[in-house]
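Trainee: Based on what follows, work out the 3D shape:
(one chain, ligands or ions: 2)
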Amino acid sequence: MDTTSSQTKRVVSGMRPTGKLHLGHYHGVLKNWVEMQREYECFFFVADWHALTTHYNDTSNIANSVEDMLIDWLAAGIDPSAATLFVQSAVPEHAELHLLLSMITPLSWLERVPTFKDQQKKLKERDLSTYGFLGYPLLQSADILLYKADAVPVGEDQVAHIELTREVARRFNHLYGREPNFEQNAETAIKKMGKKNARQYRNYRQAYQQNGDTEALAIAQAFLAGQQNISLGDKERLFGYLEGIGKIILPEPQAVLTKASKMPGLDGQKMSKSYGNTIALTEDATEVERKIRTMPTDTQRVRLTDPGDPDRCPVWQLHEIYSDEEVKTWASEGCRTAGIGCIDCKRPVIDAVQKELDPIRERANDYKNDRQQLKAILQEGSESAREIARETLEDVIEAMRFV
Ligand code: TRP
Ligand code: SF4
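Mentor: Ligands and ions are numbered 1, 2, ... in the order given. Alright, predicted model coming up:
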């Protein structure tokens, strides 16, 4: 549901600064962001406060990691003139909204988020029985609601956090969306659309409220989103009035699942820092060559004359990502007939990875040598983000009659 005033949907996403990004991040997330930045109004931020929820006892790396992460984003093709890039802690409104939302969020909602218990089990060596860690997903909700995002691109593991965000938004709207003269204001707003539009709106509303016609609701929402001559506040009233609820102050975002592109690592497991099977985005060329050359292959192919089976080989999984049909046929036939050696087979993969990384490494290098520019990008991004964040907070505070 698009409840913001502009036609362009707004997208918000964040990443915790956890060290150098690798090809898994690139294929799983960053390529997606690069595509989205042209089509949507995008806000991408480094979630440094989120890093604190699990790494509060050693904060020495966070600041450096923030800058490294920004470099990797830019190197991957995120364009600061297309997307707003910033650091969470530079926009204190995230903390302010988090605090306000914490007042209305039942503990049980946080306790039942799957990542809460999972992570506590997985990261046994850390004491994660903290207030901040329990609140992790609520801080994420604040990150998203602060920008009234329509869509949040995330991986499967984050869907529960978006679901929580929707519940919190719904609760907030329910509790505070009832301004004193709501019905009267809504009726006035309807008239501002002009006679014809007003009639249409009323018909859709009636179809939905009297007959439960959800199609009429969807049409009406699209119709409202396209209205040019009413204010954002009136629009929010009319979205709420349509559904028979109060004013929608915090719209519910949708999770957009990144296409399950599981980037295989050097050992065939999912590429992940914790498995030590990664190729960093800024890995230098000789290191990339070495890492792929020493990758394990089909263990049953001991001698060059033994035929192999690509299905038992992690190199084959990289062919699936990087090679066209012709190369794949060559590799798989050559493997099964012992017609090629494993080093031959790896050659096109090495070349393809190098080709992908060349421009990324080059851009990373340029940015690394221009700290001034990195600072400027973040400064500008944080300022634009803050402007919007402040507007939302003012709506929130007003709705809570807290002025
Ligand atoms: N929790 C996310 C992760 O671990 C990072 C994150 C923080 C985020 N705030 C967000 C993602 C807001 C999307 C939107 O990957
Ligand atoms: Fe793997 Fe290729 Fe060697 Fe076959 S030839 S085992 S697919 S590296």
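Trainee: rest of the way, CA atoms for contacts and neighbours
Mentor: OK.
Trainee: need the contact list for the residue of the stretch 1-150 of the chain found nearest ligand 2.
Mentor: Among the residues of the stretch 1-150 of the chain, Leu23 lies closest to ligand 2, at 19.5 Å counting by Cα to the nearest ligand atom. Leu23 is in contact with 263, 271, 278-281, counting by Cα atoms under 8 Å, 6 or more residues apart in numbering.
Trainee: Just the closest of these to ligand 1, please.
Mentor: Distances from ligand 1 to the contacts of Leu23, taken by Cα to the nearest ligand atom, are shortest for Met271, at 15.2 Å.
Trainee: In space, what's closest to that closest one - neighbours in sequence excluded?
Mentor: Spatial nearest neighbour of Met271, chain neighbours left out: Gly265 (3.8 Å); criterion: Cα to Cα, 6 or more residues apart in numbering.
Trainee: For that neighbour, give me phi and psi.
Mentor: Torsion angles at Gly265 (phi, psi; degrees, to the nearest 10) stand at phi -90, psi -170.
Trainee: and if you look at Pro264?
Mentor: Main-chain torsions, Pro264, degrees, to the nearest 10: phi -70, psi 140.
Trainee: Next one: it from ligand 2, what distance?
Mentor: Distance, Pro264 to ligand 2, by Cα to the nearest ligand atom, to the nearest Å: 14 Å.
Trainee: now Gly265
Mentor: Counting by Cα to the nearest ligand atom - Gly265 and ligand 2 are separated by 14 Å.
Trainee: Repeat that for Ser382.
Mentor: From Ser382 to ligand 2 the distance is 47 Å (Cα to the nearest ligand atom).
Trainee: Please enumerate the strands of the stretch 251-400 of the chain.
Mentor: Applying DSSP state E, counting those that start in this stretch to the stretch 251-400 of the chain gives strands spanning 254-257.
Trainee: Surely Gln379 touches Phe86?
Mentor: Yes: using Cα atoms under 8 Å, Gln379 is in contact with Phe86, at 7.5 Å.
Trainee: These two: who's more crowded?
Mentor: Phe86 (27 against 16; other Cα atoms under 10 Å).
Trainee: so who does that one touch?
Mentor: When contacts are counted by Cα under 8 Å, 6+ apart, Phe86 touches 43-46, 377-379, 381-382, 385.
Trainee: and if you look at Leu138?
Mentor: By Cα under 8 Å, 6+ apart, the contact set of Leu138 is 98, 101-102, 110, 161, 164-165.
Trainee: For ligand 2, what's the nearest residue on the stretch 201-350 of the chain?
Mentor: Cys342 (3.6 Å).
Trainee: Give me the nearest residue to that residue, chain neighbours excluded.
Mentor: Cys342 sits nearest to Thr297 (Cα to Cα, 6+ apart), 7.4 Å away.
Trainee: just to revisit the earlier point, neighbours of the residue of the stretch 201-350 of the chain closest to ligand 2, how many?
Mentor: 21.
Trainee: Pull the contacting residues for it.
Mentor: 297, 304, 335.
Trainee: May I see the buried residues of stretch 324-333?
Mentor: 327-328, 331-333 (16 or more other Cα atoms under 10 Å).
Trainee: Domain boundaries for this structure, per the record?
Mentor: 10-177+371-399, 182-243, 282-368 (automatic domain parsing).
Trainee: Let me have those domains in JSON lines, adding distance to ligand 1 as columns.
Mentor: JSON lines is the format used below for those (distance: least, Cα to the nearest ligand atom, whole Å):
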{"stretch": "domain 10-177+371-399", "distance to ligand 1": "4"}
{"stretch": "domain 182-243", "distance to ligand 1": "23"}
{"stretch": "domain 282-368", "distance to ligand 1": "21"}
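Trainee: just to revisit the earlier point, save the contacts of Leu138 as JSON lines, and put in pLDDT and distance to Ala216 too.
Mentor: What follows is the contacts of Leu138, written out as JSON lines (pLDDT from 0 to 100; distance: Cα to Cα, whole Å):
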{"residue": "His98", "pLDDT": "98", "distance to Ala216": "35"}
{"residue": "Leu101", "pLDDT": "98", "distance to Ala216": "32"}
{"residue": "Ser102", "pLDDT": "98", "distance to Ala216": "35"}
{"residue": "Leu110", "pLDDT": "97", "distance to Ala216": "35"}
{"residue": "His161", "pLDDT": "96", "distance to Ala216": "30"}
{"residue": "Leu164", "pLDDT": "97", "distance to Ala216": "27"}
{"residue": "Thr165", "pLDDT": "98", "distance to Ala216": "26"}
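Trainee: Give me the subset of these lying in helices.
Mentor: 98, 101-102, 110, 161, 164-165 (DSSP state H).
Trainee: residue in the stretch 201-350 of the chain nearest to ligand 1?
Mentor: Ala255 (9.0 Å).
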